[in-house]
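# sharing a model prediction with you, sequence too.
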Amino acid sequence: MIPRSGEREKRDQINENSKMMFSRRRFLAATTILAGAGMAFGGVPQAFAAGADANLVSLASFLSGKDVDPALVARAGNALNQKDESFAKAAAALSDFVSKGGFTDTDALAADPGFTPELQKTAQELLKALYLGYVGEPKGQAAHDGVLFVSFSQALAYGVTSPYTPIPSYSTWGSGYWAHLPTQG
Amino acid sequence: MAQEYDADVIVVGSGAVGSNAAYALAKQGKSVILLEAGPSVPRWKLVENFRNSGRHYDHNDPYPNNPWAPTSYQEGYLQNTGSFNMMPGMLKLVGGTTWHWGGATWRYIPNDFKLNTLYGKGRDWPMEYEDLEPYYTKAEYELGIAGSDTEDQSGKNPGKSYPPRSKPYPVDAEPWVYSSKALKDALEPAGYKIVHEPTVRTHRPYDGRPACQGNNNCDQVCPIGTLYNGSIHADKCQRAGVKLITEAVVHKITKGANKKIESISYLTPQKEEHTLKAKAYVIAAHSFETAKLLLMNDVANSSDMVGRNLMDHIGISMSFLAKDTMWSGRGPVQQATIMDWRDGAHRSEFSANKSALANPNPSIDMAREAIEKGLMGKALDERIKDTSSRWMYVYSFFEMLPDPANRLVPNPDWKDSIGMPGIKIHFDVDDYVKAGAEHAKVMYHDINNRMGGEILGISGFENHDHLMGTMIMGKDASDSVVNHEGRTFDHDNLFIASVGTIPAAGVVNPTLTAVALGIRTAEIIAKEV
């Protein structure tokens, strides 16, 4: 079962209400409609209201083992679907497999013989979008490679390392901090 | 009737070299026009471009890539026909390509100027270290270099500061990065010679620039203006009365009587042509673009050497996981430098090398590797944290020798929006470098062992964007484009200020040398106009 935090349940409630209005497979449309739905409910932060499909948010959280901002998931979903329109269907299949499997964590998922290469590929695509902050295959020394932006400072890879190394572009630790190892880690 | 001029001197190119040459002329009261093919873009927009793109691996990405002034990565602009894919990261905006660089600002050592005499390889410079030393000092103070006044940068003069200097560095050396110090501590007992890299990333406030905060983004864009780039002197130029014209693509150099250049012309993005006249002209428009411009106009090429002798510090690199925690990505992007192979008798047999520890944040690459291995959830985060904390990256430069067959020419089969040709390049890595690389690999394995590490990979040959030789400097007009002044042999009032004039590549980043040469050229011109 995909773990759910109380906060995520609140967001999911909004998404559940919105499901009647859109197809889960159209992430771009979903984002737009959800933004309106959030406003209608009142008191819901816009970032949450602009969240992705509830199942995709839950899937992202399960695969990464942590709460993931629905707005980040929405951007990842949009970019993945823009790059490959079959992604939404593949993500739905993976989400369905995870839900029905009742997995306690990703170790259990990885060990399941039904976790086919196709499902693995979908999981990796979603994780890459969330952790790397982009979708697509980088091509070096080229001005155009079709890579799509998902996030910079919210990329989950930086979430792992930012207590120890600054996210490139702004450090707040002061000149000379680099002479020592971080106090934690 | 007296000749009328638009300026005493016209400088083409507002990068670090051109802007410093223009500023040196302006400081002497000369009227100067500075032409730049690209636009002027404020720093904050470049930083926003960087943070709003998913293409962080492309260091050109935050910068303008206009149809009339394409960057080097514009598809088709550079076409390679040799065995090596020469693809430097070239920018076109006010300030030039130093908008993204590691900031390394070394001096050559005296033996670098006498490569042929001492080692029987390549060419000598038509000047000696002592001729350039005063201009190195001027360049270091203009750019605000932080460096050590006690270290031996040659690897051959233990216990003394080397090369000789007439003034101390304007800023003292950066505090050691933890990982650099750890490398130094592990290797020095085995005899390795490790020094600070001199840098324009000043860690103390200098000339209006703030102290480095360790943002670890030099190779993309410094967000706070600590890292020097040519726009600093382009701005100074304007305050000193220089007329900066942006989006002006110089395409025509018109020859006049008596070995003189009569005028130059540029096109606007709308293809409007403007012609300007000056007493002297300095072309400082990147070593590729300058060579292309000269070849397009059949200028300064009686030797047939324009565009030839292309040299880069072609390199290799090794990534490995150290035994202990290092946290690459904290602070400056590069610092500790291994000088064991910079100079010595081996240069008569195989290429010298300069090897250094880079210090970028590896998190994104580590995440990609872990995800592609199938890791998810907690195991994924643990792997990213573990490998990011121990990842290290050593890279080397080799000393290419000048070979006329390594060359670039205009490519009429590719045109930009105003009809200017692209560039065709033929470049092969020579045996001298290949032999040097094998020696570097032996060192890599030793470094990894001494760090208790696990090698992740050793690369093939890589670009390092140090594009020397294309307007090669020498004593003889039959085999060289410019003399020691930077003056073209064919045209008394046409000068080249560029790393492209460097005739012997050595193994250190050449920008400071080109700025020093540019200031020297400007002072020579100032006496004549």
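Now that the structure is in, tell me what you want to look at. Residues are numbered from 1 along each chain as shown, chains lettered A, B, ... in the order given.
# counting neighbours, which bits of stretch B:54-72 end up buried?
For stretch B:54-72, the neighbour count (16 or more other CB atoms under 10 Å in any protein chain shown) marks B:54-66, B:68-72 as buried. For glycine as for every other residue, the C-beta is placed from the backbone atoms N, C-alpha and C.
# quote the end-to-end distance of that stretch.
End-to-end distance for stretch B:54-72, by CA to CA, to the nearest Å: 19 Å.
# sec struct for the residue most central in space within chain A, please.
Centroid-nearest residue in chain A: residue A:73, 3.3 Å away (criterion: CA atoms, centre = their mean). Using DSSP: H, G, I helix; E, B strand; the rest coil, the structure places residue A:73 in helix.
# from residue B:347, how far off is it?
Distance, residue A:73 to residue B:347, using CB to CB, to the nearest Å: 57 Å.
# keep only the buried residues of stretch B:54-72 that also lie close to chain A.
When contact is defined as CB under 8 Å from any CB of the partner chain, these meet chain A at B:54-58, B:60-61, B:65, B:70-72.
# from these, which land in strands?
Among those, DSSP state E puts none in strands.
# what about those residues, which are in helices?
Taking DSSP state H, every one of those sits outside helices.
# anything in the helix or strand harbouring residue B:378 near chain A?
Taking DSSP states H and E as the criterion, residue B:378 maps to helix B:377-390. Yes. Against chain A, helix B:377-390 shows contacts by CB under 8 Å from any CB at B:377-381, B:384-385, B:388-389.
# am I right that residue B:396 falls within a strand?
Yes. Secondary structure of residue B:396 (three-state DSSP): part of a strand.
# for burial, what's the neighbour tally of it?
Residue neighbour count, defined by other CB atoms under 10 Å in any protein chain shown, stands at 29 for residue B:396.
# partner residues bridging it?
Bridge pairing for residue B:396 (DSSP bridges) gives the partners residue B:316, residue B:355.
# quick check: pLDDT value at residue 95.
All of this refers to chain A. Looking at residue A:95, its pLDDT reads 96.
# right idea, wrong chain: chain B
98.
# same deal with residue A:48?
Residue A:48 is given a pLDDT of 33.
# residue contacts, residue B:416?
B:67-70, B:77, B:422 (CB atoms under 8 Å, 6 or more residues apart in numbering or on different chains).
# any idea how far it is from chain A?
Counting by CB to the nearest CB, to the nearest Å, the gap from residue B:416 to chain A is 13 Å.
# wasn't residue B:274 part of a strand?
Yes. Assignment of residue B:274 by three-state DSSP places it within a strand.
# who touches it in this structure?
B:248, B:265-266, B:268.
# inside strands: which ones of these?
B:265-266.
# buried among the contacts of residue B:274? Need that as a selection in PyMOL.
In PyMOL syntax, the buried subset of the contacts of residue B:274 is picked out as below (16+ other CB under 10 Å):
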select buried, chain B and resi 248+265+266
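# most widely separated two among the contacts of residue B:274?
B:265 and B:268 (11.0 Å; CB to CB).
# show me what the host helix or strand of residue B:280 is packed up against.
Take DSSP H and E as the rule and residue B:280 turns out to sit in strand B:278-283. The contact analysis (3 or more CB pairs under 8 Å, 6 or more residues apart in numbering or on different chains; DSSP states H and E) places strand B:278-283 against strand B:7-12, helix B:16-27, strand B:261-267, helix B:287-296, strand B:494-496, helix B:511-526.
# one step back: verify the contact between the residue nearest to the centre of chain A and residue A:57 for me.
Yes. At 4.8 Å, residue A:73 counts as touching residue A:57 under the criterion of CB atoms under 8 Å.
# residue B:49 against residue B:62, yeah?
Yes. Counting by CB under 8 Å, residue B:62 is a contact partner of residue B:49 at 3.8 Å.
# hey, what's in contact with both of those two?
Contacts common to residue B:49 and residue B:62, judged by CB under 8 Å, 6+ apart, are absent.
# how's chain A carved up into domains?
A:6-151, A:153-185 (automatic domain parsing).
# those domains: which one's closest to residue B:439?
Closest among the domains of chain A, using CB to CB: domain A:6-151, at 26.9 Å.
# circling back: adding pLDDT and distance to chain A, write the contacts of residue B:274 out as TSV.
Formatted as TSV, the contacts of residue B:274 follow (pLDDT from 0 to 100; distance: CB to the nearest CB, whole Å):
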residue	pLDDT	distance to chain A
B:248	98	22
B:265	98	28
B:266	98	24
B:268	98	22
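# would TSV of the contacts of residue B:274 with distance to residue B:361 be doable?
What follows is the contacts of residue B:274, written out as TSV (distance: CB to CB, whole Å):
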residue	distance to residue B:361
B:248	38
B:265	45
B:266	40
B:268	40
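# buried sites along stretch B:243-255?
B:243-244, B:246-251, B:253, B:255.
# between the residues you listed, which is closest to residue B:223?
residue B:246 (22.9 Å).
# thinking again about what came up before, and the helices and strands packed on strand B:278-283, which is most packed in?
Across the helices and strands packed on strand B:278-283, averaging neighbours per residue (mean count of other CB atoms under 10 Å in any protein chain shown) puts helix B:16-27 on top, at a mean of 30.
# angle of that one against strand B:278-283?
Counting by axes from the mean of the first three to the mean of the last three CA atoms, to 10 degrees, helix B:16-27 points 160 degrees away from the direction of strand B:278-283.
# off-centre distance for helix B:16-27?
17 Å (CA atoms, centre = their mean, to the nearest Å).
# tilt between it and strand B:7-12?
Using the same axes, to 10 degrees, helix B:16-27 lies at 170 degrees relative to strand B:7-12.
# which neighbouring elements make contact with helix B:16-27?
So helix B:16-27, by 3+ CB pairs under 8 Å, 6+ apart, packs with strand B:7-12, strand B:32-35, helix B:129-143, helix B:231-239, strand B:278-283, helix B:511-526.
# follow-up on the earlier one: need the domains of chain A in CSV with distance to residue B:121, can you?
Rendered in CSV, the data for the domains of chain A read as follows (distance: least, CB to CB, whole Å):
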stretch, distance to residue B:121
domain A:6-151, 30
domain A:153-185, 39
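# worst mean pLDDT among the ones you listed?
Note on the domains of chain A: lowest mean pLDDT is at domain A:6-151, with a mean of 76.
# related to what we said a few turns ago, give me the buried entries from the residues of helix B:377-390 next to chain A.
B:377, B:379-381, B:384-385, B:388-389.
# pull the most distant pair out of those.
B:377 and B:389 (19.1 Å).
# can you count the residues close to residue B:3?
8.
# just give the nearest non-adjacent residue to it, would you?
residue B:277 (7.5 Å; CB to CB, 6 or more residues apart in numbering or on different chains).
# for that neighbour, give its distance to residue B:238.
21 Å.
# cheers, nothing more for now.
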